[in-house]
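Colleague: One predicted model, sequence on top.
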Amino acid sequence: MSQPDLNNLRALLDEYERFVDSIKATASRKDVADRMKAVIADARQGLRPSTDGTANYVEAKSIIERLAALRKEAETP
């Protein structure tokens, strides 16, 4: 995945959601997919307009780092 645009968290969450939906439901990968879905759901619930872009950047960066780590785990055989 290329460098993410942290200013567009909704689009990134959509991309990760498509990835999660494509994961085959084997036991080990299902666990990772479920954890990714939980992170995505939490992130979507927390999306709110903010006047402080820096605060959003830090939050988005943290969310994307968690999802990237989980994606890497899901892609590892």
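Modeller: Yep, that arrived.
Colleague: can you give me the helices for the protein?
Modeller: Secondary structure of the chain (DSSP state H): helices at 9-22, 27-46, 53-75.
Colleague: can those helices go into CSV with extra columns for mean neighbour count?
Modeller: For the C-beta atoms, the positions are set from N, CA and C on the backbone; glycine is no exception. Conversion of the helices of the chain to CSV gives the following (neighbours: other Cβ atoms under 10 Å):
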stretch, mean neighbour count
helix 9-22, 15
helix 27-46, 15
helix 53-75, 15
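Colleague: Quickly, which of the ones you listed bottoms out on average pLDDT?
Modeller: Of all these, the minimum mean pLDDT falls on helix 53-75 (a mean of 82).
Colleague: What helices and strands are in contact with it?
Modeller: Contact analysis of helix 53-75 by 3 or more Cβ pairs under 8 Å, 6 or more residues apart in numbering; DSSP states H and E lists helix 9-22, helix 27-46 as its packing neighbours.
Colleague: I'd like the ones you listed as CSV, with distance to residue 63 appended.
Modeller: Shown next, in CSV, are the helices and strands packed on helix 53-75 (distance: least, Cβ to Cβ, whole Å):
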stretch, distance to residue 63
helix 9-22, 7
helix 27-46, 5
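Colleague: I'd like to know which of those helices is closest to residue 70.
Modeller: helix 27-46 (4.8 Å; Cβ to Cβ).
Colleague: Ok, which of the helices and strands packed on helix 53-75 comes nearest residue 66?
Modeller: So among the helices and strands packed on helix 53-75, helix 27-46 is nearest, using Cβ to Cβ, at 5.4 Å.
Colleague: chain center to that closest one, what's the gap?
Modeller: Computed by Cα atoms, centre = their mean, to the nearest Å, the chain-centroid distance of helix 27-46 equals 8 Å.
Colleague: out of everything not next to it in sequence, what's closest to the residue nearest the centre of the chain?
Modeller: Closest to where the C-alpha atoms of the chain average out (Cα atoms, centre = their mean) is residue 67, at 3.8 Å. Once flanking residues are discounted, residue 67 sits nearest to residue 16: 4.9 Å by Cβ to Cβ, 6 or more residues apart in numbering.
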